[in-house]
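[1] What follows is a protein structure lacking sequence information:
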């Protein structure tokens, strides 16, 4: 779907600071979101299936061996553990579940565990299934599809022109090759980035139009959590009105993609969460994030329901990668949930919890320095 605003218009919107003008922009984005998706939602939850000890130099990540921060880690989960967290995500009201691992590739043994986990989640839940496991070949992408994965997440992280400041060991072109391999395997793509890495407003617009060219099914938007010891650790959190404004701008540039707000939303948005939803979101990452805590399930569901959006679970999630329909937007009536009562708090089910399930390992202080961007 073509962008609804030009590059120049996006830059003009990026200069807005008056709250009333930003609210007017949000109303326009809300109309676009309702026109394209009705009251449908697409709520996701994740498990950090393998954490810590990453050899790459991504400047936002404390897991990097280049970061002067202690590593939070655990070994690759067993498939049965992945399933346990998936069931908890479903009980919280999530529609899809993502298995995430650190680094830019998995060993054969760890990849097999992801495949087995995906098969269990497909067999034992009604969740749609995603994976985020770094770079991959077309062969591995096909293996994921055969195991029941329906969508693969692989961010570009930032605009091409700013990307050298983000990472030197993970190439931008390599990210595009992985995204292409995923598409060739017949899988949906989930491609987004992080705001507030030091990029200019022009580069945010650049990233949005680059994402539009990639044409992903889903666009996750992350907001930087400055972590002490990382390259971007001394940055301030993003002003919540700035965050809302840029979500709306991205929605107008990429009107046909499913948008979700992921890492950093708790720390950056505060009381403007609901306004951020109205700015064009289809869903959020429910529960906890890779290494940080999130919101309670009941709070996340309420943000959408208060805007008249339908968060009901569906029994056909496992068969259809994108049922995304809660009240007849595609065809038919809203299906009844296949499960009993929803949980409202994360402690009511064994959801992924980085505060208890990650162990902190002291880094060797002879760490390498971050490379200087060319």
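    Noted; the coordinates are in hand. Note that this is a predicted model, so its numbers are computed, not measured. Numbering: from 1, shown residues only.
[2] what about the strands in the stretch 51-200 of the chain?
    Read by DSSP state E, counting those that start in this stretch, the stretch 51-200 of the chain holds these strands, from start to end of the chain: 71-73, 96-101, 128-132, 151-153, 188-190, 193-195.
[3] So which of these is nearest residue 166?
    Distance to residue 166, taken as Cβ to Cβ, is lowest for strand 193-195 among the strands of the stretch 51-200 of the chain, at 8.1 Å. No exception for glycine: its C-beta is placed from N, CA and C like everyone else's.
[4] Quick one: list the elements packing against that closest one.
    On a contact count with 3 or more Cβ pairs under 8 Å, 6 or more residues apart in numbering; DSSP states H and E, strand 193-195 meets helix 201-214, strand 218-223.
[5] List the buried residues of the first one.
    In other words, helix 201-214. Using 16 or more other Cβ atoms under 10 Å as the test for burial, helix 201-214 gives 201, 203, 204, 205, 206, 207, 208, 209, 210, 211, 212, 214.
[6] could you redo these as TSV and give each row distance to residue 169 and pLDDT?
    What follows is these, written out as TSV (distance: Cβ to Cβ, whole Å; pLDDT from 0 to 100):
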residue	distance to residue 169	pLDDT
201	27	98
203	21	98
204	24	98
205	27	98
206	22	98
207	20	98
208	25	98
209	26	98
210	21	98
211	22	98
212	27	98
214	22	97
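[7] Can you tell me which of the residues you listed is nearest residue 349?
    residue 211 (33.5 Å).
[8] Can I take it that residue 309 is in a strand?
    No. Going by DSSP: H, G, I helix; E, B strand; the rest coil, the assignment for residue 309 is coil, not a strand.
[9] residues touching it, list them.
    Counting by Cβ atoms under 8 Å, 6 or more residues apart in numbering, residue 309 makes contact with 39, 40, 41, 277, 326.
[10] can we see that at 10 Å?
    By Cβ atoms under 10 Å, 6 or more residues apart in numbering, the contact set of residue 309 is 33-34, 37-41, 277-278, 281-283, 301, 303, 326-327.
[11] again, but for residue 260
    Residues counted as contacts of residue 260 (Cβ under 10 Å, 6+ apart) are 41-44, 96, 190, 192, 218-222, 281-286.
[12] Quick one: classify it as helix, strand or coil.
    Following three-state DSSP, the label given to residue 260 is strand.
[13] Can you tell me which of the contacts of residue 260 are buried?
    Neighbour counting over the contacts of residue 260 (16+ other Cβ under 10 Å) leaves 41-44, 96, 190, 192, 218-222, 281-286 as the buried ones.
[14] Please name the strands paired to the worst-scoring helix or strand of the chain on mean pLDDT in the sheet, noting orientation.
    Ranking every helix and strand in the chain by mean pLDDT, DSSP states H and E puts strand 71-73 at the bottom, with a mean of 75. The strands that strand 71-73 pairs with in its sheet are strand 359-361 (antiparallel) (by DSSP bridges).
[15] What is the distance between the strand it pairs with and the centre of its chain?
    On the basis of Cα atoms, centre = their mean, to the nearest Å, strand 359-361 sits 24 Å off its chain's mean C-alpha point.
[16] Let me see the residues that make contact with that strand.
    In contact with strand 359-361 (Cβ under 10 Å, 6+ apart) are residues 51, 52, 53, 69, 70, 71, 72, 73, 74.
[17] contacting residues around the closest residue to the second one other than its chain neighbours?
    Okay, so that is residue 52. With sequence-adjacent residues excluded and distances taken as Cβ to Cβ, 6 or more residues apart in numbering, residue 52 is closest to residue 73, at 2.3 Å. Residues in contact with residue 73 (Cβ under 10 Å, 6+ apart) are 48, 50-54, 63, 102, 291, 358-361.
[18] For the residues you listed, please prepare a markdown table with the additional fields distance to residue 148.
    Below are these laid out as a markdown table (distance: Cβ to Cβ, whole Å):
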| residue | distance to residue 148 |
| --- | --- |
| 48 | 20 |
| 50 | 19 |
| 51 | 23 |
| 52 | 27 |
| 53 | 28 |
| 54 | 27 |
| 63 | 27 |
| 102 | 22 |
| 291 | 27 |
| 358 | 27 |
| 359 | 30 |
| 360 | 34 |
| 361 | 33 |
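[19] List buried members of these by neighbour count.
    Counted by 16+ other Cβ under 10 Å, the contacts of residue 73 give 48, 50, 51, 52, 54, 63, 102, 291, 358 as buried.
[20] picking that back up, ok, what's across the strand from the residue nearest to residue 52?
    What pairs with residue 73, by the bridge criterion (DSSP bridges), is residue 359.
[21] Identify the single longest helix in this structure, thanks.
    helix 19-37 (DSSP state H).
[22] what sits against residue 146?
    115, 118, 119, 185.
[23] Could I get the pLDDT score of it?
    Confidence at residue 146, expressed as pLDDT, is 96.
[24] check which helix or strand covers residue 284.
    Element membership for residue 284, per DSSP states H and E: strand 283-286.
[25] Share the number of residues neighbouring the closest residue to residue 100 other than its chain neighbours, please.
    Leaving aside its chain neighbours, residue 100 sits nearest to residue 132 (4.4 Å; criterion: Cβ to Cβ, 6+ apart). Residue 132: 20 surrounding residues under other Cβ atoms under 10 Å.
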